[in-house]
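A.B. asks: Below are the sequence and a predicted model; questions follow.
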Amino acid sequence: MARLLQLLSSIPKRGFPMLDDVLEKTSSSAKGDAGNGFSLRVAVATTGERVDLHFGHAEAFTVYDVDAGGAHHVQTRGIAEHALNEDEDPRETIYRMIADCKVLLVAKVGAAPQEALSKIGVDATNMYAGKGVEEALRELYAAKKSAVEDSAIDASEFCLMHAMLRVADLDRSIAFYTEKLGMTVLERREHKKNQFSQAYLGYGAGMTIELVQNWQREGAYVQGDAFGHIAIGVNNIMRLCDRLAAEGVPMPRPPRAQRHGENIVAFIADPDGYRIELVQAPTPEQTEALEDAK
């Protein structure tokens with residue numbers, strides 16, 4: 001918290017009229033943590049009653065302090081009012097103006113802003129999309145508080161899913177793994193928006209290999225650059241990630257429903273910085289909520 005206050009204090013106040021109020025409320029929140037137990041500061045992308053705004057479409061974020069007594073409105077922070085100047089990238093404005101929050105609730109959020117927010121200590125998630133704001137804050141608080149108090153983990157249904165490798169020529173690599181090692185192409189996708197091709201290969205059951213060719217890449221990868229991540233299938237992904245976060249495990253991407261709606265995915269990092277993808281199929285209730293938020 002001291003580092004956050006120092007960061008906010010260093011931001012020029014010109015064009016940032018609510019900075020003093022932010023600092024005052026952040027200091028009060030920090031004192032409240034020590035005296036009254038567990039609490040959270042949460043920003044919400046909302047039109048009023050539900051978590052219903054896309055990160056990139058929101059023009060303002062409503063900030064709450066949430067504790068055992070419920071959710072307490074702090075303020076609504078508009079991008080236009082907080083921008084340092086008219087040329088500032090709106091995303092940079094958002095990153096700065098909600099830097100004192102622990103969690104950001106949105107209807108949708110991309111991987112890039114999610115990782116940028118994670119670097120400043122803000123967990124952005126769409127897993128409460130479509131819920132009423134009060135209900136979402138209540139559930140979020142209960143989950144985070146439980147994670148702080150809970151050290152148990154049930155891995156009985158976890159499984160290794162795949163390892164990801166970046167390749168220079170996807171067709172050449174597919175030919176190698178199928179013709180030389182007898183694997184089968186289980187799935188292939190072309191991601192035009194993010195400029196990469198993706199294929200999963202394996203033997204029909206168990207762990208698979210994910211091969212990714214980035215369209216903008218020129219030349220071969222060195223082995224250290226080629227490795228992407230390993231994936232683990234989990235259950236109770238929200239509870240697991242809350243517990244891992246409470247224990248200080250780096251989480252570049254908190255749980256987020258994928259655009260194609262098939263899985264809920266999070267990324268954590270091991271002690272050497274290698275990424276581990278956690279994957280869970282959404283429950284029917286989660287699928288319905290995410291559909292309602294579209």
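C.D. replies: Received the coordinates, thanks.
A.B. asks: all contacts plus neighbour counts: C-alpha atoms, from now on.
C.D. replies: Will do.
A.B. asks: Just give the closest residue to A266, not the sequence neighbours.
C.D. replies: For A266, ignoring the flanking residues on the chain, the nearest one in space by Cα to Cα, 6 or more residues apart in numbering is P255 at 4.4 Å.
A.B. asks: got it, and Q198?
C.D. replies: Take Q198 and drop its neighbours on the chain: the residue closest to it by Cα to Cα, 6+ apart is V212, 4.6 Å away.
A.B. asks: Give me the residue ranges of the stretch 1-150 of the chain where confidence is low.
C.D. replies: Applying pLDDT under 70 to the stretch 1-150 of the chain flags the ranges 1-36.
A.B. asks: What segments of it are helices?
C.D. replies: Per DSSP state H, counting those that start in this stretch, the stretch 1-150 of the chain carries helices over the ranges 2-10, 19-36, 79-82, 90-97, 111-119, 133-149.
A.B. asks: Give the other helices and strands that the third one contacts.
C.D. replies: Think helix 79-82. Judged by 3 or more Cα pairs under 8 Å, 6 or more residues apart in numbering; DSSP states H and E, the packing partners of helix 79-82 are helix 90-97.
A.B. asks: what's the spacing between the helix it packs on and its chain's center?
C.D. replies: Its chain's C-alpha centre and that of helix 90-97 lie 16 Å apart, by Cα atoms, centre = their mean, to the nearest Å.
A.B. asks: buried sites along that helix?
C.D. replies: P90, R91, T93, I94, Y95, R96, M97 (16 or more other Cα atoms under 10 Å).
A.B. asks: circling back to that earlier point, now the residue nearest to Q198, what's its secondary structure?
C.D. replies: Here V212 takes the strand state, with states given by DSSP: H, G, I helix; E, B strand; the rest coil.
A.B. asks: hang on, isn't it packed against Y200?
C.D. replies: No. In this structure, V212 is not within contact of Y200 by Cα atoms under 8 Å, at 9.0 Å.
A.B. asks: Of these two, which one has the most company?
C.D. replies: A direct count of neighbours by other Cα atoms under 10 Å for V212 and Y200 places V212 higher, at 24 against 20.
A.B. asks: quick one: contacts for the residue nearest to Q198?
C.D. replies: Applying Cα atoms under 8 Å, 6 or more residues apart in numbering to V212 gives the contacts M164, L165, R166, V167, L170, F196, S197, Q198, A199.
A.B. asks: So the fifth one sits against L211, correct?
C.D. replies: Yes. The pair L170 and L211 qualifies as a contact (Cα under 8 Å) at a distance of 7.1 Å.
A.B. asks: what's the nearest residue to I264 if we skip its chain neighbours?
C.D. replies: A257 (4.4 Å).
A.B. asks: before we move on, back to that, return the closest of the buried residues of helix 90-97 with respect to T184.
C.D. replies: R91 (41.9 Å; Cα to Cα).
A.B. asks: Distance check, the residue nearest to Q198 against A175.
C.D. replies: Per Cα to Cα, to the nearest Å, V212 is found 14 Å from A175.
A.B. asks: Could you do S118 as well?
C.D. replies: Taking Cα to Cα, one finds S118 at 38 Å from A175.
A.B. asks: Which positions within stretch 189-205 qualify as buried?
C.D. replies: Those would be S197, Q198, A199, Y200, L201, G202, for stretch 189-205 by 16+ other Cα under 10 Å.
A.B. asks: neighbouring contacts of it?
C.D. replies: Contacting residues not belonging to stretch 189-205 are listed as 170, 174, 177, 182-188, 208-216 [Cα under 8 Å, 6+ apart].
A.B. asks: what about burial for those, which qualify?
C.D. replies: For the contacts of stretch 189-205, buried by 16+ other Cα under 10 Å: 170, 174, 177, 183-185, 208-214.
A.B. asks: so I232 bridges to which residues?
C.D. replies: With DSSP bridges as the criterion, I232 is bridged to L160, L278.
A.B. asks: follow-up on the earlier one: so for S118 and A175, which residue has more residues nearby?
C.D. replies: Per other Cα under 10 Å, whichever of S118 and A175 has more neighbours is S118, with 20 against 14.
A.B. asks: show me the contacts for the nearest residue to that one once chain neighbours are set aside.
C.D. replies: Leaving aside its chain neighbours, S118 sits nearest to P252 (5.5 Å; criterion: Cα to Cα, 6+ apart). Taking Cα under 8 Å, 6+ apart, we find P252 in contact with Q114, E115, S118, K119, F267, I268, A269.
A.B. asks: Give the helix, strand or coil label for the fifth one.
C.D. replies: At F267, secondary structure determined by three-state DSSP is strand.
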